[in-house]
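Enquirer: Could you look at this predicted model? Sequence included:
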Amino acid sequence: MKNEKEKMLSGELYDASDPILTIERVNCRKSTSEFNNPSTSTDMRNAIIKKLFGKIGQTFTIEPNFHCDYGYNIHVGENFYSNFGCILLDVNRITIGDNVLMGPNVQIYTAGHPVDPKLRLSSLEFGLPITIGNNVWIGGSAIICPGITIGDNVTIGAGSVVTKDIMDNVIAVGNPAKIIKTL
């Protein structure tokens, strides 16, 4: 029988109020609170991210304020930049390739809730992994929904809501995001 964390990571419905998951989220909030403190040095911020994330490349910049659920489900390649206000809800794995730039207030949500109201009232939720390829630019205030894959060499326009996979070498914009140009 799977525990709640195993269910969470496998994309099954799970109980987020599980004591172990609750402790892990609280510990993550303590780390991100220190990261977001204006008096924290850049070196200390980088050390927090290296400890918090499952993987991070050698060259990265994450501007405060930054928020995530657990941190250990976030795997990031080389030369990553995230502007102010990034939110990564990482109840499942978030994989980000090399040379990815994210504008301010980008939100990446692996977390979801059942659409059936009776099931939703049970407080169960789920998470689906998100993969973002190499050489991707995500414009400010874009939202990436659970289970999405964004290919290589993609630009996601500011304010877009990505609800379906985006193939390589395109520009996608809008709500919902649609491909407007092939590169």
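Expert: That came through, no problem.
Enquirer: use CA for all of it now, contacts and neighbours both
Expert: OK.
Enquirer: roughly how far apart are Leu88 and Asp165?
Expert: Counting by C-alpha to C-alpha, to the nearest Å, the separation of Leu88 from Asp165 is 18 Å.
Enquirer: If you count surrounding residues, which of these two has more?
Expert: Shown here are Leu88 and Asp165; by other C-alpha atoms under 10 Å, Leu88 has more neighbours (22 against 18).
Enquirer: I'd guess the more buried one is in a strand, am I close?
Expert: Yes: under DSSP: H, G, I helix; E, B strand; the rest coil, Leu88 sits within a strand.
Enquirer: what does stretch 57-64 contact?
Expert: 35-36, 46, 76-86 (C-alpha atoms under 8 Å, 6 or more residues apart in numbering).
Enquirer: Could you do stretch 120-129 as well?
Expert: With contacts defined as C-alpha under 8 Å, 6+ apart, stretch 120-129 is touched by 8-16, 91-95, 110-114, 146-148.
Enquirer: Any idea how many residues pack against Ala47?
Expert: Neighbours of Ala47 using other C-alpha under 10 Å come to 12.
Enquirer: how about Lys7, secondary structure?
Expert: For Lys7, the assignment made with three-state DSSP gives helix.
Enquirer: What of the one 10 residues further on?
Expert: Each residue gets one of three states, and Ser17 gets coil by three-state DSSP.
Enquirer: Out of the contacts of stretch 57-64, which comes closest to Asn3?
Expert: Using C-alpha to C-alpha, Val76 comes nearest to Asn3 of the contacts of stretch 57-64, at 26.6 Å.
Enquirer: surely that closest one meets Asn99?
Expert: No: judged on C-alpha atoms under 8 Å, Val76 makes no contact with Asn99 at a distance of 9.7 Å.
Enquirer: out of the contacts of stretch 57-64, who has the most neighbours?
Expert: The residue in the contacts of stretch 57-64 with the most neighbours, by other C-alpha under 10 Å, is Phe35 (25 neighbours).
Enquirer: Quick check, pLDDT for that residue.
Expert: Note on Phe35: pLDDT of 98.
Enquirer: show me the contacts for it.
Expert: Taking C-alpha under 8 Å, 6+ apart, we find Phe35 in contact with 44-45, 48, 64-66.
Enquirer: and it, what element?
Expert: helix 19-36 (DSSP states H and E).
Enquirer: Narrow the contacts of Phe35 to those that are buried.
Expert: Among these, those buried by neighbour count (16 or more other C-alpha atoms under 10 Å) are 45, 64-66.
Enquirer: right, and out of those residues, which lies closest to Ser160?
Expert: When the buried ones among the contacts of Phe35 are compared against Ser160 (criterion: C-alpha to C-alpha), the nearest one is Phe66, at 19.8 Å.
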